[in-house]
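Peer 1: Any chance you can model this:
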Amino acid sequence: AEVVGEAVVELPEGLVKAHLVKQTQIGAQPIPFEVHYDDEGNVLTSTVRALTAINSSNNNYLNSNDMSCTSTTKPCVEISASNNITLRNNKIAGLEVKDSSFTAVHISTITGTATKPGLYLIRASSTSVFDSYIQGSTAAIVDASTATIFGGNRIVAISTSASGIVISTGSFGFKMSSTTILGGSSATAVAVHFGNTGMIDLSTNTFLAGSRYGLSIATQTSTTQVWIASNTFARSPSSVDSAAILLDGLTSGATIYNNAILWQRPGTQTGTAHGIYAKSASMINIHNNRLNQPGMITAGSFTGAYFQSSSQISFKFNDMNSTGTALTNAFLVDLVGSTITLRNNVFLSSFVVSGASASMRADAGSGVANDYNAWYSSTSLNTLIWGPTAYQYPWSALTGKDANSISVPPRWRSVTAGGEDFHPYSAAGRYDPV
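Peer 2: Numbering: from 1, shown residues only. Okay, the predicted model is just below:
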């Protein structure tokens, strides 16, 4: 950086002599705003913000800086109405990007506090955040922003009532991949609020156990596309009703494909633990997913997939395993006023309950088109409850459903917590391409 003079800066600790510099970018293009550095090259602490880039402070590169401040409510670094700013390998105590385009954050640590977010995007466009650690009350907020991309990050909410990431109303396009997220214990890892547009693409991420909901999505616009693919949702019993995936009023459709929902920590569930919970949702394709609850819920209730007032649900080619010896209620699939196509799935249950249980339960107002499934229970109660009537498998003669389905134990390689492998055995054992 080019030293252009010296200044005495007043900090809470007293008067400090500092270098006044102009940071340079690749190509030696001078930065149009000034930064205070000490003799060791660190950005000095200030009482409000460490750095503010405003009003067309464009085409700048900040590398290997430690930017902190004393404010507990405001981010220490603000980028406003400025474009093409890259921050790489920085330590930042809160970053706000507002009305700016093409901000890139790489290999940085961004930390908020219990009262301020780590990263706050407001009407930002084409922001990319890669290979960074982000922490805050809510770790990251994306508000009315366009074409945001996250990749390879670790994101942690430190408030029990706050989410890891919030996508607020009015955003257009959000893509996240290869990211690990943890939300507060009474909140959500990723919360997508209502009224966003474009493509919401969440793929190859890990949603850590500990949040009440792994992913929640509210009502979006009619043209919004939602793609949830190849993610791992680690789950653990909680003190409230919970779900790995919550769809609340999502009527514009979604594809939920090739995800793993896995309970890997034992404990007592208060209320009901759900794999997928859809309320007032429609046009949802749930295909090729794996759900495993191998007795990790030692008390409480469990439902694999719950649909309330939902329609045009396609549930196909999924594997679902759930066991438990001291549950209150347990259902693999539960329908309330919903219509669903249920085909080509493999279900295994082994429940001992003090209340009610069934492989599938549907109220009288629900409609099901189900066939070519494998329904297996280690107990004699392999049951379909439809309205007031319970049917034991095979139930096709009495209901006209599952005429081509079977009831045989699936030969999955392993359903052990932490060692899940849903590849089937053949007579020669599990297929190994090596």
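
Peer 1: Name whatever forms a beta bridge with Ile313.
Peer 2: Ile284, Ile340 (DSSP bridges).

Peer 1: Quick check: it vs Ala81, distance?
Peer 2: Ile313 sits 45 Å away from Ala81, taking Cβ to Cβ, to the nearest Å as the criterion. Placement of C-beta: from N, CA and C, glycine included.

Peer 1: More neighbours: those two, which one.
Peer 2: Higher neighbour count among Ile313 and Ala81: Ile313, with 23 against 15, using other Cβ atoms under 10 Å.

Peer 1: pretty sure that one is touching Ile284, no?
Peer 2: Yes. With contacts counted by Cβ atoms under 8 Å, Ile313 reaches Ile284, the gap being 5.2 Å.

Peer 1: In contact with the nearest residue to Leu182 once chain neighbours are set aside: list those residues for me.
Peer 2: Of all residues not flanking Leu182 in the chain, Leu208 sits nearest, at 4.3 Å (Cβ to Cβ, 6 or more residues apart in numbering). Residues near Leu208 by Cβ atoms under 8 Å, 6 or more residues apart in numbering: 180-182, 189, 234.

Peer 1: Could I get the contacting residues of Asp421?
Peer 2: Per Cβ under 8 Å, 6+ apart, neighbours of Asp421: 412-414, 430.

Peer 1: Repeat that for Gln135.
Peer 2: Going by Cβ under 8 Å, 6+ apart, Gln135 touches 110-112, 118, 155-158.

Peer 1: And Val97, by the same measure?
Peer 2: Per Cβ under 8 Å, 6+ apart, neighbours of Val97: 79-80, 103, 119-122, 124, 127.

Peer 1: where does Asp402 sit relative to Phe347, distance-wise?
Peer 2: Distance of Asp402 to Phe347, given as Cβ to Cβ: 11 Å.

Peer 1: burial of Ala189, as a residue count?
Peer 2: Using other Cβ under 10 Å, Ala189 is surrounded by 31 other residues.

Peer 1: how about stretch 187-196: buried residues?
Peer 2: For stretch 187-196, a neighbour-count test (16 or more other Cβ atoms under 10 Å) marks 187-193, 196 as buried.

Peer 1: Among the residues you listed, name the ones in strands.
Peer 2: Using DSSP state E, 188-192 are the members of the buried residues of stretch 187-196 that sit in strands.

Peer 1: Mind checking what secondary structure the nearest residue to Ala191 once chain neighbours are set aside has?
Peer 2: Nearest residue to Ala191, sequence neighbours excluded (Cβ to Cβ, 6+ apart): Ser163, at 4.3 Å. Under DSSP: H, G, I helix; E, B strand; the rest coil, Ser163 falls in the coil class.

Peer 1: shouldn't Ser163 be in contact with Thr188?
Peer 2: Yes. The criterion here is Cβ under 8 Å, and Ser163 meets it with Thr188 at 4.6 Å.
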